[in-house]
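**Q** pasting the structure only:
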Ligand code: ZN
């Protein structure tokens, strides 16, 4: 079995946004030459997420609105009283808590086994940031 590990660096441009990384993941999978197995994609940050959902501009706006409705920017947050890194970002951590930090996708015949309407998104919740890291691990033959 092969174990291929790659890093993807992303620059985010907004305080919160969904970035479709499906094509980048597909290219990394292709370069791994693995035909059958599984691919894990995980963010390295606590105020981001990796999700799989439909790519549609209106829906991405709805998703951001949904997150902001559940966890508004300002609240009675302890984390904002003593920010370790100087960032007021309790809401970003809490929004991230509602999502997922990683996804696993089956690799079959050299392709990501995603549904017709499924895309892989990196979700920024505390941007903009010049250097967001995503790790991919592809295991298989
Ligand atoms: Zn924080």
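**A** Cool, got the structure. All values derive from a computational prediction rather than experimental measurement. Residues are numbered from 1 along each chain as shown.
**Q** Which helix in this protein has the most residues?
**A** Under DSSP state H, the helix in the chain containing the largest number of residues is helix 57-70.
**Q** buried sites along the next helix or strand after that helix?
**A** Next helix or strand after helix 57-70 toward the C-terminus (DSSP states H and E): helix 90-98. Going by neighbour count (16 or more other CB atoms under 10 Å), the buried part of helix 90-98 is 90-92, 94-96. C-beta here means a position set from N, CA and C on the backbone, and glycine is covered the same way.
**Q** List the buried residues in stretch 64-74.
**A** So, applying 16+ other CB under 10 Å, buried residues of stretch 64-74: 64, 67, 71.
**Q** List the residues that contact the nearest residue to the first one once chain neighbours are set aside.
**A** Spatial nearest neighbour of residue 64, excluding adjacent residues (CB to CB, 6 or more residues apart in numbering): residue 16 at 5.5 Å. By CB atoms under 8 Å, 6 or more residues apart in numbering, the contact list for residue 16 reads 64, 67-68, 92, 95, 123-127.
**Q** again, but for residue 111
**A** Applying CB under 8 Å, 6+ apart to residue 111 gives the contacts residue 29.
**Q** measure it to residue 61 for me?
**A** Distance, residue 111 to residue 61, by CB to CB, to the nearest Å: 30 Å.
**Q** Same question for residue 68.
**A** Distance check for residue 68 against residue 61: by CB to CB, it reads 11 Å.
**Q** Residue 128 too?
**A** Distance from residue 128 to residue 61, by CB to CB: 18 Å.
**Q** What is the distance between the longest helix of the chain and the centre of its chain?
**A** Computed by CA atoms, centre = their mean, to the nearest Å, the chain-centroid distance of helix 57-70 equals 15 Å.
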